[in-house]
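[1] Turn this into a structure:
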Amino acid sequence: MAFAAKGSKGESFLTVVVGGGAAFGLIVLTSRAWKTCHVDVAGKVPNGLTLLFLGVPIALIVNLVLFTIVFRYAGKAFLFSLFAACIALAIADLALFSWQGTPAGSPGTCPGNVPPWWPKMIPT
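    Down below sits the predicted model:
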């Protein structure tokens, strides 16, 4: 497919849309988990500012770089490369959520800071 040829403007657009969307989803998921469990991450600094100035840049960098690397080197087939990159983003975002979305060092009302709505089959 010419639109998303490796190194093209289409690939850059796809990277920003998919990687940025996944980063936004990760930030929303983390914020919702922190609100549910009443997690106070940074003391006097509100959680929203922590997510804005730390969470958003980290999530964007990880997702954009990971999507670009996997999409370019997964193979020549467009759909296979896209699918592989989306799977890699899902795994990376779940790892980031497990690492910072459920902070064990911060006090919260949920056991392990894992919200009750989180599926039990997905480990944190």
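[2] so residue 15 sits right up against residue 64, yeah?
    Yes: contact status for residue 15 versus residue 64: in contact at 5.8 Å, counting by Cβ atoms under 8 Å. Backbone N, C-alpha and C define where each C-beta goes, glycine included.
[3] For residue 92, list the residues it contacts.
    62, 63, 66 (Cβ atoms under 8 Å, 6 or more residues apart in numbering).
[4] what's the first one in contact with, if anything?
    Residues near residue 62 by Cβ under 8 Å, 6+ apart: 23, 92, 96.
[5] quick one: which of the contacts of residue 92 is nearest residue 42?
    Distance to residue 42 across the contacts of residue 92 (Cβ to Cβ) is lowest for residue 62, with 20.3 Å.
[6] could you dump the helix or strand hosting the closest one to CSV, C-alpha only?
    Using DSSP states H and E, residue 62 falls within helix 56-73. In CSV, the C-alpha atoms belonging to helix 56-73 read as follows (Å, rounded to 0.1, in the frame of the first residue of the first chain):
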residue,chain,number,x,y,z
VAL,A,56,1.8,12.2,28.6
PRO,A,57,5.5,12.7,27.5
ILE,A,58,6.5,9.2,28.6
ALA,A,59,3.4,7.6,27.0
LEU,A,60,3.9,9.5,23.7
ILE,A,61,7.6,8.8,23.4
VAL,A,62,7.2,5.1,24.2
ASN,A,63,4.2,4.6,21.9
LEU,A,64,5.5,6.6,18.9
VAL,A,65,9.0,5.1,19.0
LEU,A,66,7.7,1.5,19.5
PHE,A,67,5.0,1.9,16.7
THR,A,68,7.6,3.2,14.3
ILE,A,69,10.1,0.4,15.0
VAL,A,70,7.7,-2.4,14.9
PHE,A,71,5.8,-1.1,11.9
ARG,A,72,8.9,-0.6,9.8
TYR,A,73,10.6,-3.9,10.7
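[7] Buried residues, the helix or strand of the chain with the lowest mean pLDDT. List them.
    Across the helices and strands of the chain, mean pLDDT, DSSP states H and E gives its lowest value to helix 47-50, namely a mean of 83. Across helix 47-50, burial judged by 16 or more other Cβ atoms under 10 Å covers 47, 50.
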